[in-house]
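Asker: below is the sequence, then the predicted model.
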Amino acid sequence: MRPVNLIPPEERRGASAPMRTGATPYLLIGVLVLALVGVTLLVLAGNKVSDSKAEVAKLKREDAAVKARAEELAPFVQFQVMQEERSQTIASLADSRFDWERVMRELSLILPDDAWLVKLKASASPNGGEGESGDSGGGLRASVPGPALEMKGCAAGQESVARFVTALKDIDAVTRVGVEFSSLPEAGSATSAAGSGEAAAEGANEECRTRKFIVQFNLVVAFDAAPVPESATAAPVATEPPPEGESESGEEG
């Protein structure tokens, strides 16, 4: 016999049962999946923003701690800078010092018997310096940027002046000796330095040509190799020869 299915078609189950709902369940599942993905992405983004905010807050706290530490150490930095500046100043002063005591000792040893000084001035620069208590010298002194000796005196003839200049070059650290002038007294003026007032008295004290054969000289002894003080104004270094006819050796009648 042939089996007959007595269940109505609309109530049948299985592969041959007709579809009653269509594509709606699939669409609903797709929407749920998209919603789940969106919520997941939103949660992840929120977590990332929260982590970034926490990192920013941490960096701000670290920056504040570093600034506070820097403010605490600022006095030590200022002290170190001040100490370095003072060390540089002390080193500069030590480098610019000049041993005048040694120079004067050597000068006393080489000063000849037939020459004597009436004026001596030591200066570290043309504009003033260690050992100087007056106006800065002009003439040859202005051409020496560093330490120098300015001396005025007399000698028994031009040959004595020449020997004295040669002896001055033997002083340690002397680089050159300039002769500003070296001359015999003019006729009738050897012993006529008397006058009235302070100016005449000062001129009489510096005038040492008491005999017609005595030569008066002005010398500048330069120490060009010595360190130049920072306050010194550099000037061109040149040795000027004495005026023509004033340094000739011999006696005038």
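Answerer: Noted; the coordinates are in hand.

Asker: contacts, neighbours, all on C-alpha from now
Answerer: Fine.

Asker: what about Arg211, how many neighbours?
Answerer: Arg211 has 13 neighbours, counted by other Cα atoms under 10 Å.

Asker: and what of Leu140?
Answerer: Neighbour tally, Leu140, other Cα under 10 Å: 23.

Asker: in the chain, where is pLDDT below threshold?
Answerer: 1, 10, 12-22, 89-96, 128-138, 187-205, 227-253 (pLDDT under 70).

Asker: okay, strands next: where are they in it?
Answerer: Using DSSP state E, the strands of the chain run over residues 115-123, 148-155, 176-183, 215-222.

Asker: out of these, which one sits most buried?
Answerer: Ranked by mean neighbour count, those are led by strand 215-222 with a mean of 24 (mean count of other Cα atoms under 10 Å).

Asker: okay, now the sheet partners of that one, with direction.
Answerer: strand 148-155 (antiparallel), strand 176-183 (antiparallel) (DSSP bridges).

Asker: can I get that strand in PDB? Just the C-alpha atoms.
Answerer: This file holds the C-alpha atoms of strand 215-222, laid out as PDB (Å, rounded to 0.1, in the frame of the first residue of the first chain):
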ATOM      1  CA  VAL A 215     122.800 114.500  29.800                       C
ATOM      2  CA  GLN A 216     119.200 114.300  30.800                       C
ATOM      3  CA  PHE A 217     117.100 111.400  29.400                       C
ATOM      4  CA  ASN A 218     113.600 110.100  29.400                       C
ATOM      5  CA  LEU A 219     113.300 106.300  28.900                       C
ATOM      6  CA  VAL A 220     110.400 103.900  28.600                       C
ATOM      7  CA  VAL A 221     111.100 100.200  29.400                       C
ATOM      8  CA  ALA A 222     108.400  97.900  27.900                       C
END
